[in-house]
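Visitor: sequence and predicted structure below; questions after.
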Amino acid sequence: SQTIHQWPATLVQPVGSPLSLECTVEGTSNPNLYWYRQAAGRGLQLLFYSVGIGQISSEVPQNLSASRPQDRQFILSSKKLLLSDSGFYLCAWSPSHEQYFGPGTRLTVT
Amino acid sequence: DAKTTQPTSMDCAEGRAANLPCNHSTISGNEYVYWYRQIHSQGPQYIIHGLKNNETNEMASLIITEDRKSSTLILPHATLRDTAVYYCIVKGFQGAQKLVFGQGTRLTINP
């Protein structure tokens, strides 16, 4: 069966520090991959998606970037975090119509 | 993607059927209706989707009106663990499913 992993589960980082969040999917090949963010009290917002290795599409202009170095690995990065980057970051994959979400990373920028 | 309208909140007694409505009057012919839910502090969970016909799986049933302008998600025997925010999303099926989550319906199951 397929599983999706995200780490770390929680993270506290100072303003201006770099960020790297990793997501991996097991049990499938060539999945579509997604990064979402949910700010406190807000809805989910799609940040990036990828349909293949090295193929990244950005949905909103921001301080973040994404990369897909391997088929089942999706990385979210920032060179310098802002306070507004705080939130709940979720990775998801989809084989077809449905999307399956990971456990998420709760990021607090101080 | 068509806009959806859902009630902000609903309550249901444990063991009863929970019926969650969704209006999508501008839905186009090739757009699907998707339902997800988000339990507090967790990622969203896919529930069900449909195009024209009613659908049922182990989690829920989806009833789509004949004109496709509205739908109802039915949880047949609600439990306390079904307390969550439920999202109705309407979109076409493309290579990348770029979901847009609205405010959803906060469903509370009461003992």
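Guide: Perfect, I can see it now.

Visitor: so B:Q38 sits against B:Y46, correct?
Guide: No: applying Cβ atoms under 8 Å as the test, B:Q38 and B:Y46 come out as separate, 11.0 Å apart. Backbone N, C-alpha and C define where each C-beta goes, glycine included.

Visitor: so how many other residues sit close to B:I64?
Guide: Counted with other Cβ atoms under 10 Å in any protein chain shown, the neighbours of B:I64 add up to 21.

Visitor: distance check, the closest residue to chain A within chain B against B:P7.
Guide: Chain B approaches chain A most closely through B:G43 (3.2 Å), counting by Cβ to the nearest Cβ. According to Cβ to Cβ, to the nearest Å, B:G43 stands 23 Å off from B:P7.

Visitor: ok, whatever residue of chain A ends up closest to chain B - contacts?
Guide: Distances between chain A and chain B by Cβ to the nearest Cβ are smallest at A:F101, namely 3.2 Å. Contact partners of A:F101, counting by Cβ atoms under 8 Å, 6 or more residues apart in numbering or on different chains, are A:4, A:36, A:90-92, B:43-45.

Visitor: name whatever forms a beta bridge with it.
Guide: Counting by DSSP bridges, A:F101 forms beta bridges with A:A92.

Visitor: number of residues surrounding B:K98?
Guide: With other Cβ under 10 Å as criterion, B:K98 counts 15.

Visitor: dump the residue contacts of the closest residue to it other than its chain neighbours.
Guide: Using Cβ to Cβ, 6 or more residues apart in numbering or on different chains and skipping the chain neighbours, the partner closest in space to B:K98 is A:L46 (5.5 Å). By Cβ under 8 Å, 6+ apart, the contact set of A:L46 is A:34-36, A:59-60, B:98-100.
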